[in-house]
Every structure is written in structure tokens, then in C-alpha cells.
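In: Provide a 3D model corresponding to the input given below.
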Amino acid sequence: MVSSMNKKIPMRQCVGCGQMKAKRELMRVLKTTEGPIVLDVTGRKNGRGAYLCKQLSCLQQARKNKGLERSFKMSIPNDVYDSLEKEFEEIEAE
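Out: The predicted model follows:
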């Protein structure tokens, strides 16, 4: 009999604040093969993912410390950050 107590919770690090949290508590930012960088609310889409806490402050911190740029190994234009911030605000408002 396998107990559910041993089930491993996948942990991920926020690229903003650097805290390790359960994957479910974080928001996935996705770099798709076509190129655009989007929020992946489901966490199931294909592409390279980086994780952020579900707070706007962590996105702003990642912008400052270039956490997403390191994760995706590319420079990220300001308008991408602006659109991510808009998406974040919409999710926080729900």
C-alpha cells in the first residue's frame, strides 16, 4: 500500500523574489516556440517556462533583476513586461 503522504510536491523558484514554492502556488511565464512570451495560467502549454509568485511585485522584481531574461537566455523588451503586468492585473482582479 502506497501512502499519499510520500507524494512529492514539485517545487519551483520564483525568478522575482527567489523563493522556492510549490509549483501550484506560482504563475508560469512561457516562451513559446513561435517567440511570444505569455502567462500560462494552466501550466500545461508547451515551451520554456519560468515561474513567478502570483504577485505583481515579483514580476516587477524580475524585471529589475532580469530574472526572466536569464531564464529564457534572451533580452526581453519593455512592452512584453508591460503586457505581462496587464495580464497579472486582470488575474488579480478575478
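
In: what's next to the helix or strand hosting Ser71, contact-wise?
Out: Using DSSP states H and E, the element containing Ser71 is helix 67-72. Under the contact criterion Cβ atoms under 8 Å, 6 or more residues apart in numbering, helix 67-72 has outside partners 15-16, 29, 31, 37, 48, 50, 61-62, 75-76. C-beta coordinates here come from the backbone N, C-alpha and C atoms, glycine included.

In: where do the strands sit along the chain?
Out: For the chain, the strands defined by DSSP state E cover 11-13, 20-22, 26-31, 37-40, 48-53.

In: how far is the third one from where the chain is centred?
Out: For strand 26-31, the separation from the chain centroid amounts to 3 Å (computed by Cα atoms, centre = their mean, to the nearest Å).

In: same question, the second one
Out: Taking Cα atoms, centre = their mean, one finds strand 20-22 lying 12 Å from the centre of the chain it belongs to.
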